[in-house]
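>>> Structural data only, the sequence is not supplied:
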């Protein structure tokens, strides 16, 4: 077919397709960026590198995000959104407090094996701009509150050992957040195994139950 | 007393005193730096700021350390040394595996409420130079090995629930490391209370013991 015939057959994307394509490209930028941030750190990742892994140049990146800070915030926001979903889903499930908390922890742990979740753990408040940092803390507090609600429900219905729900929340989310620092996708254990094992340790504790 | 008489009475520090004074000043640089690194992050802390909190100028800092990277590495090395001591001390204590692990975790948790310990948790491998990063990983592995040995001893003597010692080690050190991210010295709980509470949650677990 001649160049001319091919050109005659070319279909311009309609508005809907153009929006979808833009979304797809923006998503590709985010995914390339989050992988580099997690491996090299935010400060040591340049937008040139992000662009180069996508076979584009930096000005193309600016077509989707105004700057590197905004890209980091969007990565962190995605991660927090995934954690919120995990936490919210468990809160709506049936069962006693411990059953809901188990489901919450397993879903939370899985998010920590994924790039956007990892980015939440690896990003410190001070790496974000002032406004983004405030939003980061607000979203994290919201998650903390829901985790504590589920813990308190379990303490009230007798399925969770009574205690300081704030301390319990910090202890278990700390263990789960840390997965983002040591989990390696190429390791022997699958993400699901890591999540299940870590949660089992937190639920059972270290000291054997009497009579078991 | 005249300036002249004072000058006549002035005692030049001897070699030993000069070494001690140098050590003291070097220590002051480290402590000023670690506080800034923990609050603002390594990348966003300048040596000018470190110098200014000590009422000196940047060239004075260079009298003690060749560059900012070396200061960070020394902070992290101090933190790892404190963790190693905590871990080593517990290993030499009496009692069964769980008793030794409890002592280890409490000492470890306390280090996480201190500046150098915090710096270990807050520093990512990639923030260090290539050689320092390798040393950082080597020291962390050594600590991990000792923690696992104590866990395995407890699993063997029946004081710790049997399981995957690697997963148990990651889960408990994750919860302890995270203290460095949420602990506030100005908060209501003392460092000792935080350490004791967090360790109690990890030992008892979330599910109540049958019959308790």
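Now that the structure is in, tell me what you want to look at. Keep in mind the model is a prediction, meaning the values are calculated, not measured.
>>> for the lowest-mean-pLDDT helix or strand in chain A, packing partners?
Every helix and strand in chain A was compared by mean pLDDT, DSSP states H and E; the lowest is helix A:3-9, with a mean of 79. Helices and strands touching helix A:3-9, as assessed by 3 or more C-beta pairs under 8 Å, 6 or more residues apart in numbering or on different chains; DSSP states H and E, are absent. For glycine as for every other residue, the C-beta is placed from the backbone atoms N, C-alpha and C.
>>> who touches that helix?
Helix A:3-9 has contacts (C-beta atoms under 8 Å, 6 or more residues apart in numbering or on different chains) with no other residue.
>>> can you check stretch A:42-53 too?
A:29, A:32-33, A:35-37, A:57-58, A:60-61, A:68, A:71-72, A:123, A:127, B:43, B:126.
>>> quick one: average confidence on that stretch?
Throughout stretch A:42-53, pLDDT has a mean value of 94.
>>> Spit out the contact partners of residue A:172.
A:105, A:147, A:202, B:175, B:201, B:206.
>>> roughly how far out does the least confident helix or strand of chain A sit from the chain middle?
Helix A:3-9 sits 45 Å away from the centroid of its parent chain (C-alpha atoms, centre = their mean, to the nearest Å).
>>> Over to stretch A:146-160?
Per C-alpha atoms, centre = their mean, the displacement of stretch A:146-160 from the mean C-alpha position of its chain is 24 Å.
>>> Now do the residue of chain A most remote from its centre against chain B, distance only.
Distance from the centre of chain A peaks at residue A:2, with 48.8 Å (C-alpha atoms, centre = their mean). Residue A:2 is 53 Å from chain B, where distance means C-beta to the nearest C-beta, to the nearest Å.
>>> Could I get the full set of helices for chain A?
A:3-9, A:15-40, A:47-53, A:58-62, A:68-92, A:97-111, A:115-122, A:130-156, A:165-182, A:191-204 (DSSP state H).
>>> Take those and lay them out in CSV including distance to residue B:81.
Output for the helices of chain A, formatted as CSV (distance: least, C-beta to C-beta, whole Å):
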stretch, distance to residue B:81
helix A:3-9, 69
helix A:15-40, 27
helix A:47-53, 35
helix A:58-62, 42
helix A:68-92, 32
helix A:97-111, 31
helix A:115-122, 24
helix A:130-156, 31
helix A:165-182, 20
helix A:191-204, 28
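>>> any idea which of these scores lowest on pLDDT?
Averaging pLDDT over each of the helices of chain A puts helix A:3-9 lowest, since it has a mean of 79.
>>> in that helix, what's buried?
Within helix A:3-9, no residue is scored as buried using 16 or more other C-beta atoms under 10 Å in any protein chain shown.
>>> Stretch A:115-129 near chain B anywhere?
Yes - applying C-beta under 8 Å from any C-beta of the partner chain, one finds stretch A:115-129 touching chain B at A:122, A:124, A:126-127.
>>> ditto for stretch A:26-39
Yes - using C-beta under 8 Å from any C-beta, we find that stretch A:26-39 touches chain B at residue A:39.
>>> tell me the domain ranges of chain A?
Listed domain ranges for chain A are A:13-65, A:76-206 (source: automatic domain parsing).
>>> tell me the most buried of those?
Mean neighbour count (mean count of other C-beta atoms under 10 Å in any protein chain shown) peaks for domain A:76-206 among the domains of chain A, with a mean of 19.
>>> Start and end of it, how far apart?
Its first and final residues considered, domain A:76-206 spans 33 Å by C-alpha to C-alpha, to the nearest Å.
>>> wait, doesn't residue A:177 sit right on residue B:174?
Yes - using C-beta atoms under 8 Å, residue A:177 makes contact with residue B:174 at a distance of 7.1 Å.
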